[in-house]
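Engineer: need the 3D shape of this:
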Amino acid sequence: MSFVLSNQIHWPCELSDNTKSEIMDLAIEIDGIEKYSTLIDGDQQRGIYYCVQGLGTFATTSIDNRPLASFIFGKEMWVGAVAIEVYPKINLYTCELEPIKSLFFPKKGLNELAKVNPEVYKLLYSIMRTNSPKILQGMHLSFYGIEERIAHFLLELVRSKKSTNLPRIEIKITQQQLSEIANVSRPRVNEVLNKLAQKDMIELVRGKLYVNDYATLAKYLESRVVI
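Structural biologist: Numbering: from 1, shown residues only. Model (predicted):
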């Protein structure tokens, strides 16, 4: 029995109560982000995830370590549908920014349920429809400079925390974590963050930072990239 009830889940589409119940019967409770690293592992390891609480990210790089995309996820977000079938050989780096509690729904169980209940495909499609633009946007940003990539990453963190309306948003992330996620050196991350701080868009504090003006940071990114 899951610690989360079906009516507490933020479902990405309309599903019957019976379908929700059958899907919840597959749920496995997990703590932390370690399990998310199996998103692109062997077929038996795959499935979809629902983040109950917390904040995390995973970043993909090619075999020769070129950055491909970063994806941030937080409370009430579904992850994994895009990679549930065939996915190219890439490296995956995960980072837990705030303590994560999730529900994992194994691919094997979803496949079996889909044979008798096609609404499962509706759920998978809805998750892919929501997440694919975010992944493509992250891949698109990988062609831009470090400054644009870090600004985009900070904006996505704020959106994942559902804090865009707050005047000042705290993000608990270190420069080392940003360096690993963005796949750039720590000195370059420090340079970009200090530049944004000088423009009063962010404030740097040991072990975390504050986004002082989400709207201005968003306009700053929009002025530098074509999305």
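Engineer: what mean pLDDT does stretch 168-187 have?
Structural biologist: Across stretch 168-187, pLDDT averages out at 85.
Engineer: who touches that stretch?
Structural biologist: 57, 59, 61, 65-67, 70, 93, 95, 97-98, 146, 149-150, 153-154, 157-158, 161, 163, 188-190, 193, 207-212, 214 (C-beta atoms under 8 Å, 6 or more residues apart in numbering). Placement of C-beta: from N, CA and C, glycine included.
Engineer: so where does the nearest residue to residue 114 once chain neighbours are set aside fall, helix or strand?
Structural biologist: Once flanking residues are discounted, residue 114 sits nearest to residue 120: 4.0 Å by C-beta to C-beta, 6 or more residues apart in numbering. Assigned by DSSP states H and E, residue 120 falls within helix 119-141.
Engineer: which strands and helices lie in contact with the helix or strand that comes right after that helix?
Structural biologist: Using DSSP H and E, the next helix or strand after helix 119-141 towards the C-terminus is helix 146-160. Applying 3 or more C-beta pairs under 8 Å, 6 or more residues apart in numbering; DSSP states H and E, we find helix 146-160 packed against strand 47-61, strand 67-74, helix 119-141, strand 169-171, helix 175-182, helix 186-198, strand 208-211, helix 214-222.
Engineer: need phi/psi at residue 199.
Structural biologist: Taking degrees, to the nearest 10, you get phi -90, psi 0 for the backbone angles of residue 199.
Engineer: please consider this matter closed, and thank you.
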